[in-house]
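A.B. asks: Whatever this is, show me its structure:
(2 chains)
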Amino acid sequence: MAVRANPDLIDELQGFGAKDVVKCYQCGNCSAACTHSDDPYVFPRKSMHYLQLGLEKSLRTSLDPWLCYYCGKCSDQCPRGAEPGETMMGVRRWLTAEYDFTGLARLLYRSWSAELAAVLTVALLTGAGFLSFGFLRGGGNLSVYDGPGAFLPIHAIHFFDWTMGIILGALLSINCLRMWHFTMRSEHTAPIPLSLYLRHLLLLPLHFFTQKRFRHCENKTPWATHLVLMLSYLTMLTLIMVFLRDMQSGPEVNWYAHSFGYLSAIGLVTTSILAVHGRLKKDAAYHRHSHESDWMFLGLLLFVSITGIVQHILHRFGFPMAANITYIVHLMGVVPMLVLEVPFSKWSHLAYRPLAIYFAQLQLAAQAEGKVPLGTPAKPQPVA
Amino acid sequence: MKPPVNQIREGTTKDESLGDVCPRIGVYFLHARAESSSNEYFKSMAEYASHLPDVIVVRTIEVSSAIDPAAMAIELRKKKLNTVVLAAEHPGFYKPAFSRALALAGGDGEQVRLASFGERGDGLTTDRARAVLASAVQGVPFTVDAATNCPAAASFNTATLVIGGGVAGIQAALEIAESDNKVYLVERTGTIGGRMAMFDKTFPTLDCAACILTPKMVAVSQNPNIELLVLSEVEEVAGSFGQFKVKVLKHATRVDASACVACGDCARFCPVSTASEFDMGIASRKCIFIPFPQAVPNAYMIDPTHCTWVLSDGKKCGACVKKCTKGAVHLDAQDERVELEVGNIIVATGYDVLDARRVERYGYGTYPNVLNSLEFERLTNASGPTGGKIVMKTERLNKKTKTEEWVFEPEGPKPRAVAIIHCVGSRDRNYNTYCSRVCCMYSLKFAHLVREKLPEAKCYEYYIDMRAFGKGYEEFHERVREEGVFLVRGRSASVTEREGQLYIHGEDTLGDHLVTLPVDMVLLSVGLQPSHGACELADKLGIPRDDDGWFRELNYNSDPNSTGREGIFVAGVCQGPKDIPDTVAQASAAAAQALRSIVGARTRQNSAGAPLHAIEENAGSPVRP
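C.D. replies: This next block holds a predicted model:
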């Protein structure tokens, strides 16, 4: 059956940062230069082709964009300056918007003012919420940081953390389900038996924690930076979600918990400053183009890291009131960052990327076992 | 109120005031409404016209609609005009209307003269346009002499300098010399023939390149009108159109060409070997050498950068001097500077191929069996190092230097698979953005030669777009496809070598597959770029180059041979990539343009035309009604 083309797709993707696709003359140098591109996942040229022709459905059902880590080799070698790497980045943003059932992701990506407004709104709501909570339900005393009568008691923060975590997890899971539906249940991929899903399940944590595919890029620096950032963040998240009591009590330093905190704080600040520096200097292909969402992400990350550090220092050096105020400011950064970035924006790739690798592996395994020939329609198509 | 036509006619049939005694001229500039941008230009021209003798009226008319002869007749009558000059890009269209108006006004309808800027060349070159206008006002035919920037006939030098002795330079030189005019042909290397002399076959006819070129080269050597200066470079260009003074540095060949009979005794005893430039370094030559057996001039020469005698200031060696029975070798000969006086210059400096080392991922210079196109031309050429056999390079011990080196040997192993990569360094913003125009076709020719000489070998072409646009090209493309050449649409990304086997990695974009192909030999279809030294030459000549470095033609569509400087023409690839037929055609065209001024000067030397100042002063105008 002929594929229905959407001529406006290429214009739509411009809003997501894929601006130079029109220059592509389909020579295929990018696909051949890429260390990740391999049969049957040959990219980025094929995605560029989908875009040029407006093959929206093919693009939506494709796993290719998530298999790219944007090392920039394709863009460097591109004879036309069509920026295949940035195009893949743009397609990933578009896919994030496609997977998101709320439509919020599309709004945030397409409109800088909407994103800014959303961040500010959530930040102000957070600030107002925690202040009123502190005055009404907490100790009401801004000069008590921890222990009994604390302005923001640990158990309340814990409760808030976990509630938010569960809600965001649920939202992201729904989006992941949609991703699965688009990519694994399309007419070009036959259903894959459950046994295969189970057999390869370990791939998900493996790729999530090690990002070992990223290491196959010729340039190892982005992989190292990304891994440090990811592990630092994960450590910090674990500390806050599980060991908040040890983290927040003081003012003396709990070395067994805080040493991890210091390490991850150093990791977070260093990597995000490196990223900002790279994006300002634009010396590498993967830093040449910055979408508004990239700046927002980095800005929030730096803001959260620095306010967290300041809050920690103030508390340790005995300024509980200043520490409490910084804490609220810190939360005004953390909450919008998590609420907006995890299910609706850049951070959703923490789920989509391992999933894509997992799905691709499943498709290959199914093909290898001869159960499902790849690329053949699951159902016979009616002849029009 | 317009008076009826018949009234005017009746009233003006015999009017003394419109008599033929004294011309009363009206100059009308006609322009369309859209041309308002050139108003300034019209204004300055109108000012000029008003000062010409006998001009009574100068007017600019916007010719948006048809001109009404009756209304015009009234104006002519009022001003008592008996002659009308129509000045425009193409004024001929309006001539009937003005003829009728003149007749209606009682004048001679024939007295409408045209100052046609469009047909006389560059309409916006003021001097030339003035000459066109003045000639029309005075009723004399427009000649080149009328333009003030043309030197007086007596001082016009009819000799021509051709820079570059490739097929373009040879063609241009022959065209001019065979019409009995002096030509200086300056060539940087030791022989004329250029790149074409290196080729085995031409596309798409698969003619033997040497069979076409060598007779022309011989014709150059035998033409008494051509003075050939090899190993020579233009150092300085002074003067202007018609009177160029060119200083040429003539490097010493150190062998007297008139005495040398090219017996080769000297080379047999010369102890120094080095890479042959003519064979693109895939074969060696001696230090006293002839670039190739059919070279013109057919004489040996010394390579002073490697010659033991030269390097030791005459203390060592000198074997060639002793062996030459004709006494033709003069190792102490010095470079000399000659000054040429010419009227026209034709630039035909050709091209270099892109240095494929720049495209690192193809491994040129690292892997011995990755060749560029000119190297393959020499390899497959019957006069090349293997006698035209397509073989792979093999490792051999050099007895002198005691090192292993990769060389072509006639009995070397034959490649079983050959890949040809198109667009190496072309159509790529990292190298040259333009299309080099010839690579698709020469690549197809290579594929044909591989399949013809090695029917067992597979041949793959990695192309992006196949540009077979010329006469017979598409048919050649089809033919090569039918000969069993496999075409892969996709630019390959890399060539690697593992255990002595080359692998070419690329995407087959028609099948969405990544393909890694083991091949024995990779040919890189490298693009063309301006010959080294073209930039300096452009500065010396004072001619502009375009963004890609090629010499810029005056007008892409209507004047592709002229440059920004009068009397200097371009021919061949130095103006932009082109194939042999186009090169030869352009060379002939450039020669024709040079001949135009040469013939003009010769004619004027016999019957002098009037220069512009004479026309302006209403003197010396021979044609008077």
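
A.B. asks: Give the next helix or strand downstream of the helix or strand of chain A with the lowest mean pLDDT.
C.D. replies: Within chain A, no helix or strand scores below helix A:244-248, which has a mean of 85 by mean pLDDT, DSSP states H and E. Tracing the chain past helix A:244-248, the next element assigned as helix or strand by DSSP states H and E is helix A:255-281.

A.B. asks: Quick check: mean pLDDT of that following helix?
C.D. replies: On average, the pLDDT along helix A:255-281 is 94.

A.B. asks: Mind listing what's buried along it?
C.D. replies: Of all the residues in helix A:255-281, those buried under the rule 16 or more other CB atoms under 10 Å in any protein chain shown are A:257-258, A:260-261, A:264-265, A:267-269, A:271-272, A:275-276, A:278-279. Any C-beta I mention is one placed from the backbone N, CA and C, and that applies to glycine too.

A.B. asks: quick one: which of the residues you listed is nearest to A:Thr189?
C.D. replies: A:Ala275 (35.2 Å; CB to CB).

A.B. asks: tell me the contacts of the closest one?
C.D. replies: A:225, A:229, A:287, A:298 (CB atoms under 8 Å, 6 or more residues apart in numbering or on different chains).

A.B. asks: How about the contacts made by the second one?
C.D. replies: With contact set as CB under 8 Å, 6+ apart, A:Leu229 has these partners: A:267-268, A:271-272, A:275.

A.B. asks: ditto for the third one
C.D. replies: With contact set as CB under 8 Å, 6+ apart, A:His287 has these partners: A:275, A:278-279, A:281.

A.B. asks: can you rerun that using 7 Å?
C.D. replies: Shown in contact with A:His287 (CB atoms under 7 Å, 6 or more residues apart in numbering or on different chains): A:278-279.

A.B. asks: Could you check the pLDDT of residue 232?
C.D. replies: Picked chain A for this. A:Ser232 is given a pLDDT of 95.

A.B. asks: actually chain B
C.D. replies: 96.

A.B. asks: How about the residues of the stretch 401-550 of chain B by chain A?
C.D. replies: B:427-430, B:464, B:490-494, B:505-507, B:509, B:512-514 (CB under 7 Å from any CB of the partner chain).

A.B. asks: Mark which of the residues you listed are buried, thanks.
C.D. replies: By neighbour count, with 16+ other CB under 10 Å, these hold B:427-428, B:464, B:490-494, B:505-507, B:509, B:512-514 as buried.

A.B. asks: B:Phe446 is in contact with B:Ile420, isn't it?
C.D. replies: Yes - the criterion here is CB atoms under 7 Å, and B:Phe446 meets it with B:Ile420 at 5.7 Å.

A.B. asks: and these two? which has more neighbours close in?
C.D. replies: In this view B:Phe446 and B:Ile420 are compared by other CB atoms under 10 Å in any protein chain shown, and B:Ile420 has more residues nearby, 30 against 27.

A.B. asks: about what we covered before: how about the contacts of A:Leu229, which pair is most distant?
C.D. replies: A:Gly267 and A:Ala275 (12.3 Å).

A.B. asks: Show me the domain layout of chain B.
C.D. replies: What automatic domain parsing lists as the domains of chain B is B:5-143, B:160-351+B:532-605, B:353-529.

A.B. asks: would you turn the ones you listed into TSV with distance to A:Phe101?
C.D. replies: Converted to TSV, those look like this (distance: least, CB to CB, whole Å):
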stretch	distance to A:Phe101
domain B:5-143	57
domain B:160-351+B:532-605	51
domain B:353-529	31
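
A.B. asks: Which of these has the lowest mean pLDDT?
C.D. replies: Looking at the domains of chain B, the weakest mean confidence is domain B:5-143, a mean of 76.

A.B. asks: Please state the offset of that domain from the chain centre?
C.D. replies: Computed by CA atoms, centre = their mean, to the nearest Å, the chain-centroid distance of domain B:5-143 equals 40 Å.

A.B. asks: centre of the chain versus stretch A:154-165, how much separation?
C.D. replies: Computed by CA atoms, centre = their mean, the separation of stretch A:154-165 from the middle of its chain amounts to 22 Å.

A.B. asks: pLDDT (mean, whole number) over it?
C.D. replies: Stretch A:154-165 carries an average pLDDT of 91.

A.B. asks: Can you tell me what sits against that stretch?
C.D. replies: A:133, A:138, A:146, A:240-241, A:244-245, A:248, A:338.

A.B. asks: I'd like to know which residues of the stretch 51-200 of chain A are adjacent to chain B.
C.D. replies: A:77, A:79-81.
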